[in-house]
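>>> Coordinates for the following, if possible.
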Amino acid sequence: MKKAKPFFIPISLFFLTIILRVIPAWKAPLRGDLPNYLIVGKAVLEGKNPYAATNVYSYPPIWMWFEALATWFSVKLNLPFAFIIKIPLLLSDGAIAVLLYKLGRKFKKRKSYYLGFFYALSPVSILITSFHGQFDTLPILAILLAIYFSKNSKNWLSPLLLSLGVALKGFPVLTLPFFLLHLENRRERKLFAFLTIAPVLLILLPFIYLDFPSVIRRLFAYSGSPDYGWTAIIRTIHWLKEQNIFITTPGLKILVQLSKIFFLACYGLLVKTAFIRLKKINLSVLIATTFGLFYFLYGGVASQYLLWVLPFLILIDLKSALIYSGFASLALLGYYFMFLPRLVYWAFSFFLPLSFQEKNIVTTLVSSNITNQELIGNLVNYPLIIKALSVYLATTVLFCVFMGIFLVKNILPRCLVRDEEIF
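Prediction:
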């Protein structure tokens, strides 16, 4: 029996990943964050500063050009903006699947193709990229590429790739100290940090010059959304008690801000411990630990954030990645049915425990032109929302429990192993 050619598995992984995501990317409507992308895209094409001209852009500058290009192409090609904006995300997911396979081979993990196929088939990735249309897959790809080139002769590529991730979304900066950890001397660490941070500041400078307060307000004041984690549990219990999902939970904003401070303190302790106690450390483990702490401690965890840890869990332990994927997928579906039912109803309505009459009523409401808030308000009268709320609460509780157990039993002990191979 002939062995598969070296390029067969990567090509198969790439196209399988994209094929599994094309249909939901095409059929999912312009909901969630996608209308905001369109607003920003139009503003950029009109020559406006999106930080000042819109109230919806909270990212570093690079993503706004993706939004502008998608807006332009959707008009020129007469194709849905909701699909065009997802094309780079589908390509990025395909690249991540291939890169996980390559990293597995590079660091001699058995059956490395399992890593890529796991990501390709992951419902967490499919839901966030193809249905929701969030672009966290792009900075995650940048982090993985930085890891791939971190032990390569072209070491300058690693910090520049990490810089690209930070310039897309800020969260990859949390991984910077762990890249510095395995560098041999202070000079190399300073150069790596400079090549990571300087390009981001350079890209930001024109916007800071134009309107410094707007950049600070939009870029640094954003604190996520209390959709998962312990704050989501508090909020959901309050909703169930009041029988009203539109009511504001008292004190939640303050709790989110306090949780940010607490997370940053714990993160700082993790970084300090890594530098003091360990000579070499598994880079994927430390990154997964950081994101695990973020999920467990921070109160502003939004849906798209649940993708961050997945590729690194896949690199560490497929069993843990499988358990995480189960809880995260159910939590995502519960949330989407609660707040963005149009995103997922067309694909998952068959599985809903509704009577024939109820399903017809819900289908009519979902297909109508009413606003999302009016839609949810109408659906509250039917079992769909209450059932979704119950699933959302249960899976969010289980998600928190899992992350706590995972950190204690799987991640933290590995951080105490000296001279573990970096990948």
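>>> low pLDDT regions in this protein?
Applying pLDDT under 70 to the chain flags the ranges 1-6, 107-110, 152-154, 240, 242-248, 278-281, 349-362, 365, 367-393, 407-423.
>>> Give the helix, strand or coil label for Ser150.
coil (DSSP: H, G, I helix; E, B strand; the rest coil).
>>> And it, how far from Leu191?
14 Å (C-beta to C-beta, to the nearest Å). C-betas here are computed from N, CA, C, even on glycine.
>>> mind listing what's buried in stretch 395-405?
By neighbour count with 16 or more other C-beta atoms under 10 Å, stretch 395-405 contains the buried residues Thr395, Thr396, Val397, Phe399, Cys400, Phe402, Met403.
>>> Could you single out the nearest of these to Leu162?
Distance to Leu162 across the buried residues of stretch 395-405 (C-beta to C-beta) is lowest for Met403, with 24.6 Å.
>>> which residues does the closest one contact?
Gly292, Tyr295, Phe296 (C-beta atoms under 8 Å, 6 or more residues apart in numbering).
>>> Can you tell me the closest non-neighbouring residue to Ala82?
Spatially, and ignoring its direct neighbours in sequence, Ala82 is nearest to Leu30 (4.4 Å; C-beta to C-beta, 6 or more residues apart in numbering).
>>> Sorry, wrong one. I was asking about Leu69.
Gly41 (7.8 Å).
>>> The one you found sits in which helix or strand?
helix 34-45 (DSSP states H and E).
>>> Next SSE downstream of that helix?
Immediately after helix 34-45, counting by DSSP H and E, sits helix 50-53.
>>> Could you point out the helix or strand that follows that following helix?
helix 62-77.
>>> so what does that next one touch, helix or strand wise?
helix 34-45, helix 81-84, helix 157-168 (3 or more C-beta pairs under 8 Å, 6 or more residues apart in numbering; DSSP states H and E).
>>> mind listing what's buried in that helix?
Neighbour-count burial for helix 62-77 [16+ other C-beta under 10 Å]: Ile62, Trp63, Met64, Phe66, Glu67, Ala68, Leu69, Ala70, Thr71, Phe73, Ser74.
>>> Serialize the residues you listed to JSON lines and add fields for distance to Leu100.
Shown next, in JSON lines, are the buried residues of helix 62-77 (distance: C-beta to C-beta, whole Å):
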{"residue": "Ile62", "distance to Leu100": "24"}
{"residue": "Trp63", "distance to Leu100": "23"}
{"residue": "Met64", "distance to Leu100": "29"}
{"residue": "Phe66", "distance to Leu100": "23"}
{"residue": "Glu67", "distance to Leu100": "28"}
{"residue": "Ala68", "distance to Leu100": "31"}
{"residue": "Leu69", "distance to Leu100": "27"}
{"residue": "Ala70", "distance to Leu100": "27"}
{"residue": "Thr71", "distance to Leu100": "32"}
{"residue": "Phe73", "distance to Leu100": "29"}
{"residue": "Ser74", "distance to Leu100": "31"}
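>>> and of those residues, the nearest to Trp230?
Trp63 (29.1 Å).
>>> Pop out the phi and psi values for Ser122.
Dihedral pair for Ser122: phi -70, psi 120, per degrees, to the nearest 10.
>>> That one touches Leu310, doesn't it?
Yes: using C-beta atoms under 8 Å, Ser122 makes contact with Leu310 at a distance of 6.4 Å.
>>> With neighbour numbers in mind, choose between these two.
Ser122 (27 against 24; other C-beta atoms under 10 Å).
>>> Contact partners for the more buried one?
Counted by C-beta under 8 Å, 6+ apart, Ser122 has contacts Leu310, Ser325.
>>> ok, now how distant is it from Leu318?
11 Å.
>>> Over to Met64?
On the measure of C-beta to C-beta, Met64 and Leu318 end up 37 Å apart.
>>> Can you tell me the closest non-neighbouring residue to Phe296?
Met403 (4.6 Å).
>>> isn't there a strand covering that neighbour?
No: counting by three-state DSSP, Met403 is not part of a strand but helix.
>>> so after the helix ranked longest in the chain, what's the next helix or strand?
In the chain, with assignment by DSSP state H, the single longest helix is helix 186-215. With elements assigned by DSSP H and E, the helix or strand that comes after helix 186-215 is helix 230-242.
>>> Pull out the buried positions in whatever helix or strand comes next after that following helix.
Sequence order places helix 252-277 as the next helix or strand after helix 230-242, per DSSP H and E. Residues of helix 252-277 classed as buried by neighbour count (16+ other C-beta under 10 Å): Leu252, Leu255, Val256, Ser259, Lys260, Phe263, Cys266, Tyr267, Leu270, Val271, Ala274.
>>> got the angle for helix 252-277 vs helix 230-242?
Using axes from the mean of the first three to the mean of the last three C-alpha atoms, to 10 degrees, one finds that helix 252-277 and helix 230-242 are set 160 degrees apart in direction.
>>> Make residue 1 into 749 and carry on from there
In the new count, where the first residue is 749, that last one comes out as helix 1000-1025.
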